[in-house]
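*Asks:* All I have is the shape, not the residue letters:
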């Protein structure tokens, strides 16, 4: 089994084409398949991995695998440059001059056009609207239409880089880190055994409305759903009460939309097994798949465990791999039974 860092790197760098069988989907399936009894894909592309098909309780460990990005909405005939629009919560401040990859019939690397400050009129500090940005792959119109079609996906091109102190930075830690934690928990459950029926789920469409989680949790109706995502790490300008430091372990959420008893049980498991953790308190919804999982069908007991992340929704998302491992350990402890 590969190390957590290698799992994370592979998922982060696998393109997500907003299709039924994206390369992200295929990469996760390839990595987790040795630990599963059966794997399914539903109509929305959710990946449903049965670690054990029988057991005392039905537990789902879930992380969304979709990624923010852009979509090609037009091709300029004079220059071959691509007109784009947002797919998910792209931070417009990061786009001008960003390096990207276009997922057409083959992957093309390019950059987003940026008007030189010498030629900018008006307020130079104003963020460019997405209508004014184009992707340049270095090809003419006649050349680029061989590979790119309307509706193709555009992503940040920012491979994972190791920083000093054990940190990793790059695009798509959100939510490749959550996927890696679920995969590591699946490996531990397969090796150690569990008394429960445990399913690992990797959902689609979280970044554009959470439709994937709505469908899959309505279908599965487990006794317990444990959702893993990223949340805010401490940094200048981020309120301390809304963040946790890197290297602080799992962030266990308490929120009015979730059942508090689940959070308290997760805290108990963390303390019993010496898993580092902090408590993250939210005043209303969590803005994660847990918001729809808890309401699916007749209702599901739901917990949210997050990984602290710096620079969310940018090409330089940053985390510490020990926090991913802490979340994986907590998911394992909370789902193995006994």
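*Replies:* Yes, it's here. These numbers come from a predicted model, not from an experiment.
*Asks:* Could you find the closest non-adjacent residue to the residue most central in space within the chain?
*Replies:* Nearest to the geometric centre of the chain sits residue 175, at 1.5 Å (CA atoms, centre = their mean). Counting by CB to CB, 6 or more residues apart in numbering, residue 64 is the residue found nearest to residue 175 once chain neighbours are left out, at 5.0 Å. In this view, the C-beta of every residue, glycine as well, is placed from N, C-alpha and C.
*Asks:* Now do the phi/psi pair for the one you found.
*Replies:* Note on residue 64: backbone dihedrals following degrees, to the nearest 10 are phi -80, psi 140.
*Asks:* Who does it form a beta bridge with?
*Replies:* Beta-bridge partners for residue 64, by DSSP bridges, are residue 203.
*Asks:* ok, the residue nearest to the centre of the chain - contacts?
*Replies:* 63-65, 206, 228-230 (CB atoms under 8 Å, 6 or more residues apart in numbering).
*Asks:* Now whatever helix or strand it lives in: average pLDDT?
*Replies:* Here residue 175 sits within helix 173-192, counting by DSSP states H and E. Over the span of helix 173-192, the pLDDT mean works out to 97.
*Asks:* just stretch 267-281 next, same as before
*Replies:* Confidence for stretch 267-281, expressed as mean pLDDT, is 98.
*Asks:* pretty sure residue 58 is touching residue 223, no?
*Replies:* Yes: the criterion here is CB atoms under 8 Å, and residue 58 meets it with residue 223 at 4.8 Å.
*Asks:* Those two: which is more packed in?
*Replies:* More crowded of residue 58 and residue 223, by other CB atoms under 10 Å: residue 58, with 17 against 14.
*Asks:* hmm, back to that, farthest pair within the contacts of residue 175?
*Replies:* Greatest spacing in those, by CB to CB: 65 and 230 (13.0 Å).
*Asks:* So for the two, which sits in the more crowded spot?
*Replies:* Set residue 65 next to residue 230 and count neighbours by other CB under 10 Å: residue 65 wins out with 29 against 26.
*Asks:* For the more buried one, list the residues it contacts.
*Replies:* Applying CB under 8 Å, 6+ apart, one finds that residue 65 lies in contact with 11, 16, 24-25, 28, 47, 175-176, 179, 202-204.
*Asks:* how about the closest residue to it other than its chain neighbours, what does it touch?
*Replies:* The shortest distance from residue 65 to any non-neighbouring residue, by CB to CB, 6+ apart, is to residue 202 (4.2 Å). Neighbour list for residue 202: 25, 28, 46-47, 49, 62-65, 179, 182 [criterion: CB under 8 Å, 6+ apart].
*Asks:* swap the cut-off to 6 Å and go again
*Replies:* Residue 202 makes contact with 28, 47, 65, 179, according to CB atoms under 6 Å, 6 or more residues apart in numbering.
*Asks:* Out of the residues you listed, the closest to residue 37 would be?
*Replies:* Of all the contacts of residue 202, residue 47 has the smallest distance to residue 37: 14.5 Å, by CB to CB.
*Asks:* Just give the number of residues close to the closest one.
*Replies:* For residue 47, the count of nearby residues is 24 (other CB under 10 Å).
*Asks:* For it, give the beta-bridge partners.
*Replies:* residue 41, residue 202.
*Asks:* How much space separates it from residue 308?
*Replies:* Remark: distance between residue 47 and residue 308 (CB to CB, to the nearest Å) = 25 Å.
*Asks:* ranges for the strands of the stretch 151-300 of the chain?
*Replies:* Along the stretch 151-300 of the chain, the stretches classed as strands by DSSP state E, counting those that start in this stretch are 153-156, 161-162, 167-170, 197-203, 224-232, 250-254, 277-281.
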